[in-house]
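Undergrad: give me coordinates for this.
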Amino acid sequence: MINRGRFRLFADPAPEVSVRAVELVGRSVVIDMLGLLTLDWQALWDWQRAPQDFKRDDFLKLRGSGVDVFHPAVEPGDSDAHASCLNWLAGWNRLLQGRPDAFVRIDTAADLGRVKPAHKVGVLLGFQCSDHFRTGADVALFHSLGQRVSQLTYNERNRLGSGCMAAGGDAGLTRFGAEVVAAMNRAGMAVDVSHCGDRTSLDAIAASRRPVLITHGNCRALAPHPRCKPDAVIRKVAASGGVMGITVIPAFVRQGHAATLEDVLDHFDHAARLVGVEHVGLGSDADVDTLDPRTRQIRPRYRVDGMQPARRVFAITEGLLRRGYTESAVAGILGGNFQRALGEIWGAGTGTEGRSPCRPCGDSGLPAPNVLNI
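TA: Sure, this is the predicted structure:
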């Protein structure tokens, strides 16, 4: 009965995972900064309407993913974004308050650290667009209702700035956008530029007094897609003290060929080499298993060869260890880096307000250059 320190998780057909990787996930605070509880919207609405409909099996599926804290941000896409987002938060708060046995709403940096010991699931509320802010004063309102992260734009142009696919190009952060960034800094709400155009991203970073995040993105140097970030933006985010979460969306991982786990790992490698491993994290841009509720098959747009979506955290951990990352570096990628940045943004991380100096990017847990497949 010797397994040489490796086993299959829950009898999965996926590649074996080492005991070392499983134990590292088990003792790390794992934060998916664009992680959805489910892509089955009807199921989510049912849970929000009647929290008792969230069953034990639903809870165990989330816990079994290895993720401790989910950031299930969406872009409501409603003509009245203000009202739509108020309703969305009301639904989430109804679910979270109705099931304190299962969930912790993440309001402070301290909350991030208490989820795993409590054997619960953390939910960090946010939106993938800031159209719901009619004025700068609305930031404080939404913060009081639990919102802690906000993307400035989705893919198109809005009152704050330009998205990465805005018609006519990127006009940069607007005056109103700068007003909202300032209000977010005052409230302690994280500025997210994941879907922003390059100029708007750089303008927002320059305008912010606190670290700026790319909660879910990839490296344009490896995948030339508008949703991926160029090195210049990644460097500026890191210089602000921010973190970039790497997605597993195939279209953002590799162009022209089927994406593989190794391709996903290449994005972690590129960002870590560029700015230091302490500025890299997880932002899957998917739910736990990516299954279509009608067919129970993995949705094609989420299929990555060599990675079972429900076990992606373990596969990524195993891959990073295999590539030579230290355990402390991997623990940072799994959640420690976002935990640090969010603490600084929310005013409860280092005990100082605003940006903290970045650590040197030298011997920070990265493998030697000849180990990396980049």
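
Undergrad: scan this protein for its longest strand.
TA: The longest strand of the chain (DSSP state E) is strand 212-217.

Undergrad: give me the sheet partners of it and which way each runs.
TA: Looking at strand 212-217 with DSSP bridges, its partner strands are strand 190-192 (parallel), strand 244-246 (parallel).

Undergrad: return the list of helices and strands in contact with the helix or strand hosting residue 110.
TA: Element membership for residue 110, per DSSP states H and E: helix 109-118. Counting contacts by 3 or more C-beta pairs under 8 Å, 6 or more residues apart in numbering; DSSP states H and E, helix 109-118 packs against strand 103-105, strand 121-123, helix 337-346. Just so you know, the C-beta spots here come from the backbone N, C-alpha and C atoms, and that holds for glycine as well.

Undergrad: all helices of the stretch 201-350 of the chain, in order?
TA: For the stretch 201-350 of the chain, the helices defined by DSSP state H, counting those that start in this stretch occupy 231-239, 250-253, 261-275, 312-322, 327-331, 337-346.

Undergrad: looking at these, which one is packed in the most?
TA: Burial of these is given as mean neighbour count (mean count of other C-beta atoms under 10 Å); helix 337-346 ranks first at a mean of 25.

Undergrad: in a markdown table, list the helices and strands packed on helix 109-118 along with distance to residue 23.
TA: As requested, the helices and strands packed on helix 109-118 are arranged in a markdown table below (distance: least, C-beta to C-beta, whole Å):
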| stretch | distance to residue 23 |
| --- | --- |
| strand 103-105 | 23 |
| strand 121-123 | 20 |
| helix 337-346 | 19 |
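
Undergrad: can you check which of these gets nearest to residue 138?
TA: Residue 138 lies closest to helix 337-346 among those, at 18.5 Å (C-beta to C-beta).

Undergrad: who touches the closest one?
TA: Outside helix 337-346, the residues that touch it by C-beta atoms under 8 Å, 6 or more residues apart in numbering are 29, 31, 33, 108-109, 112-113, 148, 188-191, 210-211, 213, 241-243, 245, 277-282, 349-350, 352, 354-356.

Undergrad: if we can go back for a sec, closest to residue 63 out of the strands paired with strand 212-217?
TA: Here strand 244-246 is closest among those (C-beta to C-beta), at 20.5 Å.

Undergrad: quick check: which ranges of the stretch 1-150 of the chain have low pLDDT?
TA: Scanning the stretch 1-150 of the chain with the threshold set as pLDDT under 70 gives 1-15.

Undergrad: show me where it has its helices.
TA: Under DSSP H, counting those that start in this stretch, the stretch 1-150 of the chain gives helices at 19-27, 41-49, 56-64, 81-98, 109-118, 137-144.

Undergrad: how about the third one: buried residues?
TA: Along helix 56-64, the positions that meet the burial threshold by neighbour count (16 or more other C-beta atoms under 10 Å) are 58, 59, 61, 62, 63.

Undergrad: report the two of those separated the most.
TA: With C-beta to C-beta as the measure, no two of the buried residues of helix 56-64 lie farther apart than 58 and 63, at 9.9 Å.

Undergrad: measure residue 191 to residue 299 for me?
TA: Distance of residue 191 to residue 299, computed by C-beta to C-beta, to the nearest Å: 30 Å.

Undergrad: more neighbours: these two, which one.
TA: In this view residue 191 and residue 299 are compared by other C-beta atoms under 10 Å, and residue 191 has more residues nearby, 28 against 15.

Undergrad: start and end of stretch 149-169, how far apart?
TA: Start and end residues of stretch 149-169 are separated by 25 Å (C-alpha to C-alpha, to the nearest Å).

Undergrad: skipping its backbone neighbours, what lies nearest residue 91 in space?
TA: What sits nearest to residue 91 in space, not counting adjacent residues and going by C-beta to C-beta, 6 or more residues apart in numbering, is residue 48, at 3.5 Å.

Undergrad: what sits against that neighbour?
TA: Applying C-beta under 8 Å, 6+ apart to residue 48 gives the contacts 91, 92, 94, 95.

Undergrad: reformat the residues you listed as a markdown table; add neighbour count and distance to residue 101.
TA: Converted to a markdown table, these look like this (neighbours: other C-beta atoms under 10 Å; distance: C-beta to C-beta, whole Å):
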| residue | neighbour count | distance to residue 101 |
| --- | --- | --- |
| 91 | 15 | 19 |
| 92 | 22 | 16 |
| 94 | 15 | 15 |
| 95 | 24 | 12 |
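
Undergrad: of the residues you listed, closest to residue 163?
TA: Residue 163 has its nearest neighbour among these in residue 92, at 24.3 Å by C-beta to C-beta.

Undergrad: what sits against the closest one?
TA: Counting by C-beta under 8 Å, 6+ apart, residue 92 touches 48, 105, 123, 125, 146.

Undergrad: wait, isn't residue 47 in contact with residue 53?
TA: Yes. Contact criterion C-beta atoms under 8 Å: residue 47 and residue 53 qualify, at 5.5 Å.
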